[in-house]
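J.: predicted model, plus sequence, below.
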Amino acid sequence: PLRIDSDNLLDHDNYVPLNPLDGETSTTFWVNLTVPEGANVETLNWTVVLDDTFNSQIMAEMILPVSISSSFSVRLDQVSPAYPALTLEPGTYGDIPMKVKNTGNQIADWTLGAYFDSTLWGAPNLEWFEDWDQDGNETQLMQMTLAKGEERFITARFHAPAQTPPGLVEISLYVQGVAPANAQSVERIYLDIAAVQDATVTAYESSMTALADGNIRTMSVTVRNDGNAPEIFDLSLNADWHIGASLATLVTEPIEPFGQEVDVTVIMQMPQGLMPNFYPITVTATSQTDSSYSTSGQFTLEVPTTYIVEVEEKDLTGQSFSAGVEARTMNFEIFNHGNEIDAFNIGLEMDDGVIAEISSGATDARTIYIEPQTSTNVTLTYSFSSGVQGMKELIVSATSVKGLEDGQTVTCLLYTSPSPRDGLLSRMPSSA
């Protein structure tokens, strides 16, 4: 293409009228010739003509020989330029259509490659393909031969590393001539690696069994960050409120990406009377980076039938009596702290010289059945044979009937003993 630049700022093609000149004055103009891509090796005459604008009379002309030499050149471009050229997630791949043209005037061989601004990327992350016969099947390409002026369409396929952080990656794609061709073309593109939220919440065990006995139980839960950026998660728990479940922390510490993890603890109070059942407990982790992303993990708490009995404590310190006198009575409250209706066998064990029996509250030494977390009263009478002296022991026991039926012996013992001072009664509680 030809171009003329002069004092006529409105016209720049290959025929330009100059502004009028006074006598004995001059002007300057520039004549530009761009050699077309793939022009043949030859010598051409370039003629520059000056004519009169009014009568078209040729006033002067110049013949400039132009010699086109043998040369190698190439151009690499995106078919549809975009910024970023491609968006990928870690471990995925995508294609960018490219075109390469031999802009020189010699047939030449060309290799393809790229430079990356990150050490996480390299030659294994890029492949070149061409559908040379347009049948929809691509063939991998390592080198290509182009005739002068020939243009071909190829595909740059990028494989994002599995462990790559979010952000832009600068890539310089190039076409390099094979000797004797020494030309190169570089096309700079940018890939956007998307931020990925990917986490799992996993309990140490999928289920656990614990009695409803008032003793705290815990379960470790692991929060794993399989995303590609550090994350902090807000934690929440969903469980039947009767369990008394809570989390030891409501926010995780920062968790590094690509499989790093932290442990959190679920605390369960296991109150007495918690009904036998299977209780799902769910822990949810919500990303602080993107609150729309959350993930949950669950385990199951099995609460079996729990048998717990308590005999009311009695403080008899300071009471006195004499051996051989009328019997006294003592009322005991028997508590069912288990989680199922139950009755209790009342037992009495005593040293020689101690006389005791159940006077009310039990039939054949067994209480009535009572609901969980309720109680019943048992009264016993006790006395001491004439002449008895010294420390004597009386043991009152309550044993779960339902527990015995399940093969468990659950007993609470109450110890009482008269003192050597002939009459001061004390007690020592115990359970088994």
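T.: It's in.
J.: how about the nearest residue to Gly244 once chain neighbours are set aside, phi and psi?
T.: Leaving out its chain neighbours, the residue that sits closest to Gly244 by CB to CB, 6 or more residues apart in numbering is Gln269, at 2.9 Å. Quick note: C-beta positions are derived from backbone N, CA and C, even for glycine. The phi and psi values for Gln269, taken as degrees, to the nearest 10, are phi -70, psi -30.
J.: so who does Gln269 touch?
T.: For Gln269, the contact set (CB atoms under 8 Å, 6 or more residues apart in numbering) comprises 214, 216, 243-245.
J.: mind listing which of the residues you listed are in strands?
T.: Ala245 (DSSP state E).
J.: and which of the contacts of Gln269 is nearest to Thr139?
T.: Ala245 (60.5 Å; CB to CB).
J.: okay, and the beta partners of that closest one?
T.: Counting by DSSP bridges, Ala245 forms beta bridges with Met268.
J.: how many residues are close by it?
T.: 21 (other CB atoms under 10 Å).
J.: for it, give me its contacts.
T.: Per CB under 8 Å, 6+ apart, neighbours of Ala245: 237, 239, 266-269, 281.
J.: can you do 10 Å?
T.: Going by CB atoms under 10 Å, 6 or more residues apart in numbering, Ala245 touches 217, 219, 237-239, 266-270, 279, 281, 283, 301.
J.: helices of the protein, residue ranges please.
T.: In the chain, the helices defined using DSSP state H lie at 401-405.
J.: where does the prediction get shaky in it?
T.: Counting by pLDDT under 70, the chain has low-confidence residues at 1, 315-324, 390-391, 414-432.
J.: which residues touch the most centrally placed residue in it?
T.: Centroid check for the chain by CA atoms, centre = their mean gives Ala199 as the closest residue, at 1.8 Å. Ala199 makes contact with 223-227, 231, 233, 252, 255, 261, 285-287, 293-295, 297, according to CB under 10 Å, 6+ apart.
J.: then Tyr174?
T.: Tyr174 neighbours (CB under 10 Å, 6+ apart): 74, 76, 110-115, 184-188.
J.: show me where the stretch 151-300 of the chain has strands.
T.: 151-159, 167-177, 184-193, 199-203, 207-209, 217-225, 233-238, 245-247, 260-268, 277-287, 294-303 (DSSP state E, counting those that start in this stretch).
J.: coming back round to it: give me the buried entries from the contacts of Ala245.
T.: 217, 219, 237, 239, 266-270, 279, 281, 283, 301 (16 or more other CB atoms under 10 Å).
J.: which of the residues you listed sits closest to Ala162?
T.: Of the buried ones among the contacts of Ala245, the one sitting nearest to Ala162 (CB to CB) turns out to be Val283, at 27.2 Å.
J.: and that closest one, bridged to which residues?
T.: Leu237, Gly297.
J.: could I get the strands of the stretch 151-300 of the chain as JSON lines with distance to Asn336?
T.: Converted to JSON lines, the strands of the stretch 151-300 of the chain look like this (distance: least, CB to CB, whole Å):
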{"stretch": "strand 151-159", "distance to Asn336": "67"}
{"stretch": "strand 167-177", "distance to Asn336": "64"}
{"stretch": "strand 184-193", "distance to Asn336": "63"}
{"stretch": "strand 199-203", "distance to Asn336": "32"}
{"stretch": "strand 207-209", "distance to Asn336": "21"}
{"stretch": "strand 217-225", "distance to Asn336": "22"}
{"stretch": "strand 233-238", "distance to Asn336": "30"}
{"stretch": "strand 245-247", "distance to Asn336": "24"}
{"stretch": "strand 260-268", "distance to Asn336": "22"}
{"stretch": "strand 277-287", "distance to Asn336": "18"}
{"stretch": "strand 294-303", "distance to Asn336": "16"}
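J.: among the ones you listed, which is nearest Ser69?
T.: strand 167-177 (16.3 Å).
J.: just want the angle from the closest one to strand 151-159.
T.: Interaxial angle, strand 167-177 versus strand 151-159 (axes from the mean of the first three to the mean of the last three CA atoms, to 10 degrees): 140 degrees.
J.: list the neighbouring strands of strand 167-177 plus their orientation.
T.: Partners of strand 167-177, by DSSP bridges, with direction: strand 108-116 (antiparallel), strand 184-193 (antiparallel).
J.: could I get the ones you listed as a markdown table with distance to Lys402?
T.: Converted to a markdown table, the strands paired with strand 167-177 look like this (distance: least, CB to CB, whole Å):
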| stretch | distance to Lys402 |
| --- | --- |
| strand 108-116 | 72 |
| strand 184-193 | 63 |
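J.: Asn32: which of those is closest?
T.: strand 184-193 (23.1 Å).
J.: next, the buried residues of the closest one.
T.: For strand 184-193, by 16+ other CB under 10 Å, it's 184-185, 187, 189, 191, 193.
J.: quick one: which of those is nearest Pro84?
T.: Distances from Pro84 to the buried residues of strand 184-193, taken by CB to CB, are shortest for Leu191, at 5.9 Å.
J.: contacts only, for that closest one.
T.: 84-88, 94, 96, 116, 118, 121, 125, 158, 160, 164, 167-171.
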